[in-house]
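Enquirer: All I have is the shape, not the residue letters:
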């Protein structure tokens, strides 16, 4: 008889080969006791007779039990444990098929957003946690974020989280292009993030021409609008490739024709 502690260890090992605890118990029961009928197994394992046939079918598919007819009855016995090699071979064949099919599947799945580009989706966010999620979502930008900036991220979510976003943006090599009002920029001492000036390019527009009162970011196929004035903390993401493309065109038109260049901040010097 298999010692109980060893038996549990064997059951855990059989899980690696795709057997659950009940299947393993039935298989070990047959290894220990030899040929048995489904009724014998039901009584000895405590598994309902109507259910045990399902487990027996699974073990047959895995080539781990064999059946024989004795008179009018059906008897089952455990197959040679070496049959587990067949389980591995089938799993390897499945993995190979998955690897072969993966490139085609990825191509099909990747094309779905393009096929659905006319869909228009609006996502809503509330509270500071919602605004944090929106800022983090912007890090999915492929290479750049276009921003109509109002104040700084520090005012939105606090300096600690804002710097975490800045560090991640630099790590992902995403450039932030920001258009803000002339009255808005401060001394650029709002962050101690090194290399920030390499991935942050600001320009200014007169408030008399465009008054910016919301933090509006454009990236990929999304326009993200955040509002946190007078105690309100709400935001929306508009997901639509055509709308985002139009907003990108408008942004670059303002950038080229209206916005004024400013010198890049020397953050290290400002922070001394």
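Expert: Cool, got the structure. What you see is a predicted model; the values in this text were computed from it and never measured.

Enquirer: so how far is residue 158 from the residue lying closest to residue 219 once chain neighbours are set aside?
Expert: Distances taken as Cβ to Cβ, 6 or more residues apart in numbering put residue 141 closest to residue 219, at 3.8 Å, once the chain neighbours are dropped. Using the backbone N, CA and C atoms, a C-beta is placed for each residue, glycine as well. Counting by Cβ to Cβ, to the nearest Å, the gap from residue 141 to residue 158 is 22 Å.

Enquirer: Which stretches in the stretch 101-250 of the chain count as strands?
Expert: With DSSP state E, counting those that start in this stretch, the ranges of strands along the stretch 101-250 of the chain come out as 121-126, 144-148, 175-181, 200-205, 215-219, 222-227, 234-239.

Enquirer: now these as JSON lines including mean neighbour count and mean pLDDT?
Expert: Converted to JSON lines, these look like this (neighbours: other Cβ atoms under 10 Å; pLDDT from 0 to 100):
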{"stretch": "strand 121-126", "mean neighbour count": "12", "mean pLDDT": "91"}
{"stretch": "strand 144-148", "mean neighbour count": "21", "mean pLDDT": "95"}
{"stretch": "strand 175-181", "mean neighbour count": "20", "mean pLDDT": "92"}
{"stretch": "strand 200-205", "mean neighbour count": "19", "mean pLDDT": "90"}
{"stretch": "strand 215-219", "mean neighbour count": "23", "mean pLDDT": "95"}
{"stretch": "strand 222-227", "mean neighbour count": "20", "mean pLDDT": "93"}
{"stretch": "strand 234-239", "mean neighbour count": "18", "mean pLDDT": "93"}
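
Enquirer: mind giving me JSON lines with the ones you listed and columns for distance to residue 88?
Expert: Shown next, in JSON lines, are the strands of the stretch 101-250 of the chain (distance: least, Cβ to Cβ, whole Å):
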{"stretch": "strand 121-126", "distance to residue 88": "44"}
{"stretch": "strand 144-148", "distance to residue 88": "48"}
{"stretch": "strand 175-181", "distance to residue 88": "49"}
{"stretch": "strand 200-205", "distance to residue 88": "53"}
{"stretch": "strand 215-219", "distance to residue 88": "46"}
{"stretch": "strand 222-227", "distance to residue 88": "45"}
{"stretch": "strand 234-239", "distance to residue 88": "44"}
